[in-house]
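Engineer: what shape does this take:
(chains A and B)
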Amino acid sequence: MIEVSGSLKRRLAVWLLVTVTGLGALLMVEAWWSSRRAAERAFDSQLEAAALTIAEAVQWQHGDPVVTIPAAALQILATRHQERVFYAVLDAEGDAVSTNLPFIIAPAWQAHAARAPWALTTTFDGTSWRLYGREYDSAGWVSQEPVQIWVGHTREGRVALADELFERSVSRFVAMVLLAGVLMAMALRVALGPMRRLRRQLRLREADDTRPLDARVPEEMRELAQTLDHLFARQRESREALLRFTADASHQLKTPLAGLQSVSELALKSPEPADWHAALGAVHDGAERTSRLAGQLLSLARLRHVAEAGEVAPLDLAALLRETLLDWAGREAARDHDLGLDELPPGPCLVRAEAWALRELLGNLIDNALRYTPPGSTITLGLACEAEAVELYVEDDGPGVPAEARERLLRPFERGGRQDTDGSGLGLAIVDSIARRLDGRLSLAERDPHGLIVRLRLPRCSDDETGRNV
Amino acid sequence: MRSGRRVVKWFVGGLLALSLGLGGVASAQTATPLVVEAALDRSVVEPLLDAFRDAHPEIALDFRDRSTLEVDDLVASADPPPDVVISSAMPWQMARINEGRARRLDSAEARQWPDWAKWRDEVFGFTFEPIVMAYRLDLSRRMLPPQTHADLHTLLTTEREALAGKVTTYSPLGSGVGYTLFQQDARYTPRFWDLVAGMGRVDAHLENSTRAMLEGLSDGRYWLGYNLLGSYAMVWAQDHPEVIVQVPQDYALVLMRMAFVHRDAPHPAAAEAFLDFLLSHAGQRVLAGDTPLFSVRPDVIGPYTAQRLRDQVGERLYPIPLNASLLAFVDPQRRDAFLARWRREFRRDD
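Structural biologist: I've put the predicted structure just below:
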């Protein structure tokens, strides 16, 4: 049973959604970081420019650095977002030469900036600030000491820019997903088109139409179409076989019934009660044969059409074989034959099969052997137990069957070219059906020097399985 | 000094209480108090305050008129802090904004206020006051009155004896406004220092307020004043025909009074209502019609609007930019350097 509920489209959509959501989440995290980074970079360059402008304005007077803060530097610092701005010029000792806000530049930061220009984000007065520090060499006549320029501004512009960039990434991504979704839906529709057409074609098909499909399908569905064609071919074959079987069965039933009719007609014309008696005897025999024929037809039909058997308990084939043989040995039909049993293997030979099916099978094989061998023939039944399989055989020393006829024997109403018996030709067909039903393999072989061996191999079921099932 | 200011405070407070009582504001007891510390002459701004009281009877306005430096000091030191701070000392106001002392005003009026007249949506330049020269009629009888900065410089050179002791201007040390104006002048041209030197040669008197200069002109002590607040000077000239106001014809600086709501304002709602009123059409119309402070809004019509001034004076008006560059003016080293240069040029011996 294939368990695929819901539509293929929905499955595809769900997978797509899961994939896109997962990927999207990753992309969004990345976009968030990169927009923050981009904003920081953009605004840090403004800090750098402002620091440079202030550095230009540092001059030495009487051994002290003097800064005339350029208004442009403050404008650069403020940016178009009108940030609050901070600047500090520190001398070599870290004391502020000039500053506009009482922020403390930690010695660690100064050490950092002394090595290389350094930007950091920190909090002053509950507001987030971005600071940038850089050391500049400067020299006057009296002293030559480096100064550190620290500039900074609040981060409103950065946050706004980052949010804007992020928002843009998100909207781009959402638009892309929506577009991809629409395209995907359209592609899905186009791709599933052949399947829809195939479905329509199958739906419109007549019940008895077994012609191959007339459909050009994509590679992925070619196998399905071929399988369907194959199925149709098999259906056709089986339907034809059924019709043939019905025709044959009718024909077979017609012959004895015609016989009965002619016998009874003759008897009716005769005024002699003795003729009536003889005719009645003939009618009786004919009716018995017909009844048996009908019975065999019935069991064949049942075997072929009964649904798959459910779980069955294992049974010992050896015991069944012995019991069946005893039954047949006592019958009238076996009077003239030597019906015997080879030595059976020790211990039980277990197979998974219904007892009635095996009895029917054995009965048919024995019946066949009795019918198609001359009186006095030896018929031997035997059993061989192997690890995985059980082989049951029935051999006789009769005339045997020519190799070319053997295959046909398994078909209904086939008598191997023999018209000298009153057999119906259904026996081996029934045996074959049962063998198939039990997953067995039936084979016919010639016996040396003459005669026929019918072998049936059945899968053996192990002892511990028995224990569990019993 | 400290106790002296407290005495002034008490005195002003008493006066205010008295005036409120006389004004007959019946709901004063239940009204929300609102303290406005302003460097803005009460006599000039009274019509605006009256209009506000009419529009907001539920607010008991306490308008305290002080000098720019006092106002700036109170922003940091007053406890409780004032609700609204108004001052024409633009760099100091900007420095207070940069310190984070202001509360952002989030209102329709604030949003549509012109970008060039606001900063961070925290501080708003709500007036548009040209900086002018003023002279006595006596001067015009003796010489051709100056119309440009160059004229003034020429006059200071050619009429040195006649003008000795008769010229007045702001003291850059004593007045924030004066210092700001000189800084801005110096940014435009280095020839400004020649002007300073010229004023030094005629022993110009340095005053701390426009009012003092105008009084001097009316008294006859001064003949010529440089860098006066046009708003005060124009009102003065109306009552004092001997004083002539001249908007410089080369360039005229424009000063804006900057107002902001204090971050720790005890009555933020009332403060925001006051600022909103200042920026509103109604408030600006009073400004344009009943005060000489000049309205910034282009949609207001009246005798005193930035638009009308532009029409009269042309495009030679140069508002002091309301942006972060103002912060440079209050940098102590830059200020020291500027004042040192000023003293050097003023006392230049040539």
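Engineer: care to break chain A down by domain?
Structural biologist: Taking automatic domain parsing as the reference, chain A has its domains at A:9-163, A:220-303, A:314-469.
Engineer: which helix or strand contains B:Val261?
Structural biologist: Element membership of B:Val261 [criterion: DSSP states H and E] is strand B:258-262.
Engineer: which bits of chain A sit near chain B?
Structural biologist: Residues of chain A lying close to chain B by Cβ under 8 Å from any Cβ of the partner chain are A:66-75, A:77-78, A:82, A:84-85, A:97-98, A:100-101, A:125, A:127. Bear in mind the C-beta positions are built from the backbone N, C-alpha and C, glycine included.
Engineer: count the neighbours of A:Thr19 for me.
Structural biologist: By the criterion of other Cβ atoms under 10 Å in any protein chain shown, A:Thr19 has 10 neighbours.
Engineer: now the helix or strand that contains it: average pLDDT?
Structural biologist: Taking DSSP H and E as the criterion, A:Thr19 maps to helix A:8-56. Helix A:8-56 shows a mean pLDDT of 90.
Engineer: where exactly do the helices run in the stretch 51-200 of chain B?
Structural biologist: B:68-77, B:90-98, B:108-112, B:137-142, B:149-158, B:160-163, B:176-188, B:192-201 (DSSP state H, counting those that start in this stretch).
Engineer: present those as JSON lines; the columns should include distance to chain A.
Structural biologist: Shown next, in JSON lines, are these (distance: least, Cβ to the nearest Cβ, whole Å):
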{"stretch": "helix B:68-77", "distance to chain A": "12"}
{"stretch": "helix B:90-98", "distance to chain A": "5"}
{"stretch": "helix B:108-112", "distance to chain A": "13"}
{"stretch": "helix B:137-142", "distance to chain A": "35"}
{"stretch": "helix B:149-158", "distance to chain A": "21"}
{"stretch": "helix B:160-163", "distance to chain A": "32"}
{"stretch": "helix B:176-188", "distance to chain A": "7"}
{"stretch": "helix B:192-201", "distance to chain A": "15"}
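Engineer: before we move on, the earlier item: save the domains of chain A as CSV, and put in distance to A:Glu206 too.
Structural biologist: Shown next, in CSV, are the domains of chain A (distance: least, Cβ to Cβ, whole Å):
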stretch, distance to A:Glu206
domain A:9-163, 30
domain A:220-303, 12
domain A:314-469, 29
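Engineer: any idea how far B:Arg187 lies from B:Leu253?
Structural biologist: As judged by Cβ to Cβ, to the nearest Å, B:Arg187 and B:Leu253 stand 10 Å apart.
Engineer: low-confidence stretches in chain A?
Structural biologist: Flagging of chain A using pLDDT under 70 yields the residue ranges A:1-5, A:304-311, A:416-424, A:462-470.
Engineer: which parts of it are strands?
Structural biologist: Here chain A has its strands, by DSSP state E, at A:58-61, A:64-67, A:85-90, A:96-99, A:118-124, A:127-136, A:147-154, A:314-316, A:338-341, A:350-352, A:378-385, A:389-396, A:441-446, A:452-459.
Engineer: just those strands: most buried one?
Structural biologist: strand A:147-154 (a mean of 26; mean count of other Cβ atoms under 10 Å in any protein chain shown).
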